[in-house]
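*Asks:* have a look at this fold, sequence not included:
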Ligand code: HEM
């Protein structure tokens, strides 16, 4: 297949989420050759076979593959995202330990309690921006849970900073430069806390994220450098706060499909199915990628050593073969036929947070946390009384990460 003559970084920035799906549609196949970031050859893949190919370390590696602007804003230098092989497996086990199992329920309870505390305050205000308020609620819950001390008067500033890290990774706009500055400042702050914990000047609650990261030993048996430990604490609290994007999308969905509200209020399996459908339907992570360590081949295409390989997450989540009528928002697609339970979802099928096994590959270890938080907050939102005044709720696919333009303004908030 022919590659385009010109680098596709500008079309990517201009077209956003539609760039890779459009190229695949134009080529009338799942796999496309393209160019990105200078002259690098790039293969775009999608679907379970494409995902399996990308998650095999023999075909694709992460270290040195992620663009510097993304590492310097979203992930941080030395982050788990950038590791391969044994160093990745050892670091990843730490995240899987922290983010799956019994700790998740405690986190969800803390965030739910922070939401319930906030509602009377929202009710006293003429208007609130839901995505901003959800970020504050999530910051309160996750920092308490993680053992990161944050005084009440610093909470809003921290929530805004954590949001900025997510908002600025894929743009040349001022929000990108803000994200870089925030990362410098917040890494220095957390590295200081890690130092203090190690020096015995501060205690971290036993088993908390702060405690586990500060005492973690890498594959060589060494403690993490304080700055890298800070990066990994941020890699728990920053994406948890990013669930505010999905809360904004949930409000958007309830506005467009108001019939779901009644069922959602009851919680249960429907709430989890609703959370999955929000993650599938709405645009958040566009694609993931890495570089081929040697000459490989996929779907009849040569992939010379050093090429980029991208998995089109947004495209795969809208593939009609996997999700019939993909542009219809239908939480029921994730329920069993009797509507009683959430159906089994294969590891290579629904991919808003990556594919495969989170314990062995790079799949997001925070998926259980995301689904549980989103289900819990979506139910609270469905039970809340509020009005949506005139505002711009459009979600531009050109903006990465996408969001309802207004951030979802609520007025006349009344506890449910
Ligand atoms: C807000 C919704 C979220 C989205 C859309 C999301 C999406 C993703 C994606 C696409 C990846 C990359 C997968 C890959 O490269 O194969 C990832 C990795 C990761 N996510 Fe999430 N995530 C979310 C929430 C979370 C949460 C709540 C946490 C932790 C509390 C978390 C922690 C991580 C970590 C540590 C990685 C790196 C895993 C690795 O490289 O092995 N994420 N996430």
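*Replies:* That came through, no problem. Just so it is clear, the structure is predicted and the values come from calculations on it, not from any experiment. Numbering: from 1, shown residues only.

*Asks:* so residue 311 lies in a strand, does it not?
*Replies:* Yes: looking at residue 311 with DSSP: H, G, I helix; E, B strand; the rest coil, it is inside a strand.

*Asks:* so it makes contact with residue 52?
*Replies:* No: contact status for residue 311 versus residue 52: not in contact, 10.0 Å apart, counting by Cβ atoms under 8 Å. Using the backbone N, CA and C atoms, a C-beta is placed for each residue, glycine as well.

*Asks:* which neighbours do those two share?
*Replies:* residue 355 (Cβ atoms under 8 Å, 6 or more residues apart in numbering).

*Asks:* tell me which of these two has more neighbours.
*Replies:* residue 311 (26 against 17; other Cβ atoms under 10 Å).

*Asks:* please name the nearest non-neighbouring residue to the more buried one.
*Replies:* residue 54 (4.7 Å; Cβ to Cβ, 6 or more residues apart in numbering).

*Asks:* ditto for residue 294
*Replies:* residue 305 (4.9 Å).

*Asks:* mind checking the SS state of that neighbour?
*Replies:* Per three-state DSSP, residue 305 ends up coil.

*Asks:* hmm, back to that, quick one: contacts for the residue nearest to residue 311?
*Replies:* 45, 60, 288-290, 309, 311, 355 are the contacts of residue 54 under Cβ under 8 Å, 6+ apart.

*Asks:* same thing with residue 322?
*Replies:* 47, 316, 349-350.

*Asks:* and the pLDDT for it?
*Replies:* pLDDT recorded at residue 322 is 97.

*Asks:* how about it, secondary structure?
*Replies:* Classified using three-state DSSP, residue 322 is coil.

*Asks:* what mean pLDDT does stretch 224-236 get?
*Replies:* 98.

*Asks:* now check it, is it near the ligand?
*Replies:* Yes: counting by Cβ under 6 Å from any ligand atom, the ligand has neighbours in stretch 224-236: 235-236.

*Asks:* how about that stretch: buried residues?
*Replies:* Using 16 or more other Cβ atoms under 10 Å as the test for burial, stretch 224-236 gives 224, 226, 228-236.

*Asks:* just curious, which of the residues you listed is nearest to residue 94?
*Replies:* residue 232 (7.6 Å; Cβ to Cβ).

*Asks:* leaving out the residues flanking it, which one is nearest to the closest residue to the ligand within the stretch 201-350 of the chain?
*Replies:* Scanning the stretch 201-350 of the chain for proximity to the ligand using Cβ to the nearest ligand atom identifies residue 239 as nearest, at 3.3 Å. Sequence neighbours aside, residue 366 is the residue nearest to residue 239 in space, at 5.5 Å (criterion: Cβ to Cβ, 6+ apart).

*Asks:* still on that earlier bit, dump the contacts of residue 54 into JSON lines; add pLDDT and secondary structure as well.
*Replies:* Formatted as JSON lines, these follow (pLDDT from 0 to 100; DSSP: H, G, I helix; E, B strand; the rest coil):
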{"residue": "45", "pLDDT": "95", "secondary structure": "strand"}
{"residue": "60", "pLDDT": "97", "secondary structure": "coil"}
{"residue": "288", "pLDDT": "96", "secondary structure": "strand"}
{"residue": "289", "pLDDT": "95", "secondary structure": "strand"}
{"residue": "290", "pLDDT": "96", "secondary structure": "strand"}
{"residue": "309", "pLDDT": "95", "secondary structure": "strand"}
{"residue": "311", "pLDDT": "96", "secondary structure": "strand"}
{"residue": "355", "pLDDT": "98", "secondary structure": "coil"}
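
*Asks:* are any of those residues buried, and which?
*Replies:* 45, 60, 288-290, 309, 311, 355.

*Asks:* near the ligand, from these?
*Replies:* Okay, of these touching the ligand (Cβ under 6 Å from any ligand atom), that's residue 288.

*Asks:* make TSV out of the buried ones among the contacts of residue 54 and add distance to residue 169.
*Replies:* Below are the buried ones among the contacts of residue 54 laid out as TSV (distance: Cβ to Cβ, whole Å):
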residue	distance to residue 169
45	22
60	20
288	13
289	14
290	17
309	20
311	17
355	21
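
*Asks:* near the ligand, which residues of the stretch 201-350 of the chain show up?
*Replies:* Counting by Cβ under 6 Å from any ligand atom, the stretch 201-350 of the chain sits next to the ligand at 235-236, 239-240, 242-243, 284-285, 288.
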